[in-house]
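Peer 1: Give me the fold of what follows.
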Amino acid sequence: MTPEQIVRTFVDYFRERGHALVPENSLIPPPGDPVLFTTSGMHPLTPYLEGRPHPFGRRLVNVQRCLRTTDLDEVGDRTHLTVFQMLGSWSLGDYDGPRSLRWGYDLLREGFGIDPGRLHVTVFGGDERVGPDLGSLETWRELGVPVELTGAENWWSNGPTGPCGPDSEIFVWTGDGPPRGTPGTDGRWLEVWNHVQMRYHRYDDGRLEPLRQPNVDTGMGLERMEMVLRGNGSVFEGEAFEPWVRGVTGLWGLDGEALRRVCDHLRSSVVVVGDGVRPSNTGRGYVLRRLLRLVLTELWRADPARSLGDLPTEPVERTLDRFGQRADVGELRDLLLAEERRFRGLLRRGGPIVSRYRSRSRGPLTDEDYRYLHDTHGLPRELVDAL
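Peer 2: Numbers count the residues shown, from 1 in each chain. Alright, predicted model coming up:
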């Protein structure tokens, strides 16, 4: 299946079961929202998950672009991305978790054609405050899907306070040969879909109270599902990354983790700019600046003459088209080059400072050293590491 076919299959399945299609939102949350970027499909729906009536009803479905800075350190492996697309379905106080799981199993098997023998799930096994998620456990056992019970790994929350509850994660075997082990013991089990049952509200003191409106929130990574359905070795073999991998490989000859990081960070930067963010030293602009500096650090490690000005326009144009963005490619290229010139200047001025500091220190730089260089000389960590 192509990404478009995956989206259509998912959305049509839930629309046939009474779910209304919700328009996609920007990566930029509405004014007053404390987070920098939309991190999941449920994020724009938070007021409705907390009880406000949604104008489209109590059953919803959509596809939402998301950005997670928490995964930056893991980008470079075969499954993690900074910007990705999430397919989601929601019950706002309507049906329960077991029904969502049964629909999910049916869609994976009948809609996407995944062999049930390649499935494994994890379920919340309980802790000192909340008992095991028996509804999910019994549902999966009835369906014949093997279950691994976990603790905190299957407890979802939207931060230290707010809605929370047990979740059940669905994994697909991506290794050669018959499935082995469990998701907790073998990394070849790939998580593709999470079904969250928002049953509680957690307060500042840690107290849990049942929600007046229990909800179901599911999220499926589009790029991961494409990887599974096409038998790819990583998400970077999918359609969204094909022009990036081809262009970056042909231009700079990167491979392995370096290739994946550069492709991810460049693509993510384009999407962020397309949603209206510009580089700065704080907030969203700093996330964009950091992504570009990580790219340049990777490129200049082998050849300081490399330049973002040499990047072909095809991957940029196709990314903007995929996300329905109208940014001007020429202006975007000028922005990238301006950031490149700025970073070169910082490297030139910061080099002597870092060299002197390293010559006085003993061993690797500590977190305290990085804070001093940043607070005293304005040198961010990624710049220090590049020198």
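
Peer 1: Can you list the low-confidence ranges for this structure?
Peer 2: Low-confidence segments of the chain (pLDDT under 70): 362.

Peer 1: which residues of it fall in helices?
Peer 2: With helices called from DSSP state H, the chain shows them at 3-15, 46-49, 97-106, 134-143, 222-230, 242-252, 256-274, 283-302, 313-322, 329-360, 367-377, 381-386.

Peer 1: Could you dump those helices into a markdown table with mean neighbour count and distance to residue 120 added?
Peer 2: Just so you know, the C-beta spots here come from the backbone N, C-alpha and C atoms, and that holds for glycine as well. Formatted as a markdown table, those follow (neighbours: other CB atoms under 10 Å; distance: least, CB to CB, whole Å):
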| stretch | mean neighbour count | distance to residue 120 |
| --- | --- | --- |
| helix 3-15 | 17 | 21 |
| helix 46-49 | 18 | 28 |
| helix 97-106 | 20 | 12 |
| helix 134-143 | 17 | 10 |
| helix 222-230 | 22 | 13 |
| helix 242-252 | 17 | 29 |
| helix 256-274 | 22 | 26 |
| helix 283-302 | 19 | 34 |
| helix 313-322 | 17 | 31 |
| helix 329-360 | 14 | 42 |
| helix 367-377 | 13 | 38 |
| helix 381-386 | 18 | 38 |
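
Peer 1: Output the ones you listed in CSV; the columns should cover distance to residue 155.
Peer 2: Formatted as CSV, the helices of the chain follow (distance: least, CB to CB, whole Å):
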stretch, distance to residue 155
helix 3-15, 25
helix 46-49, 17
helix 97-106, 14
helix 134-143, 12
helix 222-230, 22
helix 242-252, 35
helix 256-274, 28
helix 283-302, 27
helix 313-322, 34
helix 329-360, 40
helix 367-377, 29
helix 381-386, 32
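
Peer 1: Which among these is found nearest to residue 56?
Peer 2: helix 46-49 (9.3 Å; CB to CB).

Peer 1: pull the CA atoms of the closest one into CSV?
Peer 2: Taking Å, rounded to 0.1, in the frame of the first residue of the first chain, the C-alpha atoms of helix 46-49 are listed here in CSV:
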residue,chain,number,x,y,z
THR,A,46,-7.7,18.0,24.6
PRO,A,47,-10.6,20.3,25.5
TYR,A,48,-13.1,17.7,24.1
LEU,A,49,-11.4,14.8,25.8
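
Peer 1: Show me what that helix is packed against.
Peer 2: strand 83-92, strand 208-221 (3 or more CB pairs under 8 Å, 6 or more residues apart in numbering; DSSP states H and E).

Peer 1: right, and the helices of the chain - which one's nearest residue 162?
Peer 2: Closest to residue 162 of the helices of the chain, according to CB to CB: helix 46-49, at 8.1 Å.

Peer 1: I'd like the distance between residue 55 and residue 23.
Peer 2: Distance from residue 55 to residue 23, counting by CB to CB, to the nearest Å: 11 Å.

Peer 1: my bad, should have said residue 34
Peer 2: Residue 34 is 23 Å from residue 23, where distance means CB to CB.

Peer 1: Which of these two has more residues huddled nearby?
Peer 2: Neighbours per residue (other CB atoms under 10 Å) separate residue 34 from residue 23, with residue 23 holding more: 9 against 6.

Peer 1: Next up, the contacts around the closest residue to the more buried one other than its chain neighbours.
Peer 2: Among residues not flanking residue 23 along the chain, residue 62 sits closest, at 7.2 Å (CB to CB, 6 or more residues apart in numbering). Contacts for residue 62 (CB atoms under 8 Å, 6 or more residues apart in numbering) come out as 11, 21, 22, 23, 24, 41, 87, 88.

Peer 1: quick revisit: what's the most buried one of the helices and strands packed on helix 46-49?
Peer 2: Neighbour counts (mean count of other CB atoms under 10 Å) averaged over each of these peak at strand 83-92, with a mean of 24.

Peer 1: Now do that strand: which elements does it pack against?
Peer 2: Other elements packing on strand 83-92 under the criterion 3+ CB pairs under 8 Å, 6+ apart are helix 3-15, helix 46-49, strand 59-67, strand 208-221, helix 222-230, helix 256-274.

Peer 1: tilt between it and helix 222-230?
Peer 2: Counting by axes from the mean of the first three to the mean of the last three CA atoms, to 10 degrees, strand 83-92 points 100 degrees away from the direction of helix 222-230.

Peer 1: how far is strand 83-92 from where the chain is centred?
Peer 2: Here strand 83-92 is found 12 Å from its chain centre; the criterion is CA atoms, centre = their mean, to the nearest Å.
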